[in-house]
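*Asks:* got a predicted model here, sequence first, then my questions.
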Amino acid sequence: MSRDQGGAYASAYRRSLDDPDGFWLAAAEAIDWITPPTRALDDRAAPLYRWFPDGVLNTCFNALDRHVAAGRGDQAAIVYDSPVTDTRRRLSYAELLDLTARFAGVLRGLGVGRGDRVVLYLPMVPEAVVAMLACARLGAVHSVVFGGFAAHELAVRIDDARPTVVVAASCGIEPTRTIAYKPLVDAALAEATHRPDHVVILQRPQLIPELADADVDWDTAMASAEPVGCVPVAATDPLYILYTSGTTGPPKGIVRDNGGHAVALRWSMENIYGVRPGEVSWTASDVGWVVGHSYIVYAPLLTGCTSVLYEGKPVGTPDAGAFWRVAAEHRTTMLFTAPTAFRAIRKADPEGKLLAGHDLSALRALFLAGERLDPETYRWAGDLLGVPVVDNWWQTETGWPIVADPIGLEPQPTRPGSPTLPVPGYDVRILDPDGVEVPPGTDGCVVLKLPMPPGTLTGLWGDDARYVASYLTAFPGHYLTGDGGRKDADGYVYVMGRTDDVINVAGHRLSTGSMEEVLAGHPDVAECAVIGVADELKGQVPRGLVVLKAGVDREPAEVAEELVRRVRDTIGAVAALRRVDVVPTLPKTRSGKILRRTMRDIADGKRPEPPSTIEDPTVLDALRPTLVDE
């Protein structure tokens, strides 16, 4: 069914574009307001749009207090399942509220107030949820930094957000190792120019480092903490900053507001994902990513669901049946993860034998997002589980899906390779380089006509000019997604990949430019390029190519090993750069632009025509064996 035909979806979609005020004020009724909004869209400062400008609320109250008051206090809010530590823990709404109110008291005692920033560097443990909600309770702004990032990445985020307090754990647990966080935090603070007032450390039993005199022990502070109430904030006040990973230059801190965020996520939980209050949802992601923010923490708790917090992997903890065990044990209604996870499961257990013996009768749908869902994985997952497989496409910047099958509102026929139809509120257009909308079936730039709906970014932290320049200038009146794609005659959207230098590694958006900066900083490297190469498991992986300086007489393998280690130490293991090849020269245009896309196409098995602007076509022929492992 296309969006132009009748039905609940078509009606909602058309109203969301024709009458955004009416549509979103109706959706806002699902939120408890201190001062209910009388207006939805505020376009006075366009293109810097705001939502619910006269509304006042508290996000933590909506996630916890109101459910306890309504009689859900005994219902599980969080189910913590950690195969890497062999731990299960259930936190009811009443228990999570008590912990959150007390940790808010800890933060207030450390000087945190409305509008102050708190950087969180925590693994997948319940305390991460507590810390996020405690910040929201105080009207403070949290910024979660994924625990896999290196000290340098943490340092630049500390300098940009300028937090009053940093909250970290002593360690993270991987299937085969323990990662010490405290030394990374110490190194980041030594590098950063901003100095937070306090550092709170959650000591995990797997690694208990000695704390400095200035450090605050989580358990000690909580033992004497007094609970505090919710601070009223404007709907337009920031709730959190989430930095896009691997950007060059100063980090881009995506800012999410309180009011629009609460309304959009509450609406999406039932209308897109089809999950109702009291049901169990499981998003197998990490709170360091936007998916974790939106669908591990906020959307399930705003809705009154039980959310599974999983500290483990799709394979290896202990095997490729881990997801089936968790879904069966906790009777999850939905499972939301990245296609990478299912490719890993399929690789380890291609016939799905480990599903045997697990009762997944409660599971109604599988949602996959974070990278392009290839048709083979789509079919394999659907055949194995016997439930709808729902592809959905969105970004850190939007905070919730742009394109999806809205199964809670009205399921649509799905098509392999397409995340289905635009979600109500998103006016998706496909434009050519001149800004002209292209016919159906024609590839172009995927953009969103302004205004975007509630819950999307309101700007970049401390830099509205950069927000406008980065996202809103290429096509005036539109938000630039940075992705290429097309729509078919029925309005189905097909997203084909990035149009800039950002690659998608296992659902993590990483800049090849940032990796090139690291490679170029090596004293032996004259020039370099990093390209994203198609990978069956991760979607894309980075490949580095470097040209050494004249006179350097070293073994290429030795240099390559140093470069791989250098990227890991500077950006973190999440960069996933495992291979660097030393080459005589790189292909360029006459103007000196390195032909990254052409090299990527060759590495992906294609035989692209050399562009007419190439300086020396023989360079591509010489590189081909390296790129395709001939």
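*Replies:* Great, that's in hand.
*Asks:* and the gap between the residue lying farthest from the centre of the chain and residue 526?
*Replies:* Distance from the centre of the chain peaks at residue 551, with 43.6 Å (Cα atoms, centre = their mean). Noted for residue 551: a distance of 10 Å to residue 526, by Cβ to Cβ, to the nearest Å. C-beta here means a position set from N, CA and C on the backbone, and glycine is covered the same way.
*Asks:* helix, strand or coil for residue 526?
*Replies:* strand (DSSP: H, G, I helix; E, B strand; the rest coil).
*Asks:* outline the domain layout of the chain.
*Replies:* Following automatic domain parsing, one gets these domains for the chain: 8-312+394-484, 502-628.
*Asks:* any chance of these in JSON lines with mean pLDDT as columns?
*Replies:* Formatted as JSON lines, the domains of the chain follow (pLDDT from 0 to 100):
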{"stretch": "domain 8-312+394-484", "mean pLDDT": "95"}
{"stretch": "domain 502-628", "mean pLDDT": "83"}
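*Asks:* and the ones you listed: which comes nearest residue 492?
*Replies:* Set against residue 492 and scored by Cβ to Cβ, the domains of the chain come closest in domain 8-312+394-484, at 4.6 Å.
*Asks:* do me a favour and get the end-to-end distance for that closest one?
*Replies:* 29 Å (Cα to Cα, to the nearest Å).
*Asks:* make 48 the first number, not 1, from now on.
*Replies:* New numbering, starting at 48: the last item is domain 55-359+441-531.
*Asks:* how far does that domain sit from its chain's centre?
*Replies:* Chain-centre distance of domain 55-359+441-531: 9 Å, with Cα atoms, centre = their mean, to the nearest Å.
*Asks:* just the helices in the stretch 148-297 of the chain please.
*Replies:* Under the criterion DSSP state H, counting those that start in this stretch, the stretch 148-297 of the chain contains helices at 173-185, 198-208, 229-238, 265-270.
*Asks:* ok, residues contacting the shortest one?
*Replies:* It refers to helix 265-270. 146, 149-150, 153, 156, 174, 214, 247-250 (Cβ atoms under 8 Å, 6 or more residues apart in numbering).
*Asks:* likewise for stretch 219-231?
*Replies:* Counting by Cβ under 8 Å, 6+ apart, 129, 131-132, 168, 170, 194-195, 197-198, 201, 215-218, 248, 251, 253-254, 256, 358-360, 363-364 sit against stretch 219-231.
*Asks:* so where do the strands sit in the stretch 548-677 of the chain?
*Replies:* For the stretch 548-677 of the chain, applying DSSP state E, counting those that start in this stretch gives strands covering 549-552, 555-558, 572-582, 586-595, 626-629.
*Asks:* residue 83: which of the ones you listed is closest?
*Replies:* Of all the strands of the stretch 548-677 of the chain, strand 555-558 comes closest under Cβ to Cβ, at 36.3 Å.
*Asks:* any idea which of the domains of the chain gets closest to residue 377?
*Replies:* For residue 377, the closest of the domains of the chain is domain 55-359+441-531, at 5.4 Å, according to Cβ to Cβ.
*Asks:* what sits against residue 630?
*Replies:* Counting by Cβ under 8 Å, 6+ apart, the residues that residue 630 touches are 592-594, 670, 673.
*Asks:* tabulate the domains of the chain (JSON lines), appending distance to residue 423.
*Replies:* Formatted as JSON lines, the domains of the chain follow (distance: least, Cβ to Cβ, whole Å):
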{"stretch": "domain 55-359+441-531", "distance to residue 423": "9"}
{"stretch": "domain 549-675", "distance to residue 423": "9"}
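*Asks:* alright, I will stop here.
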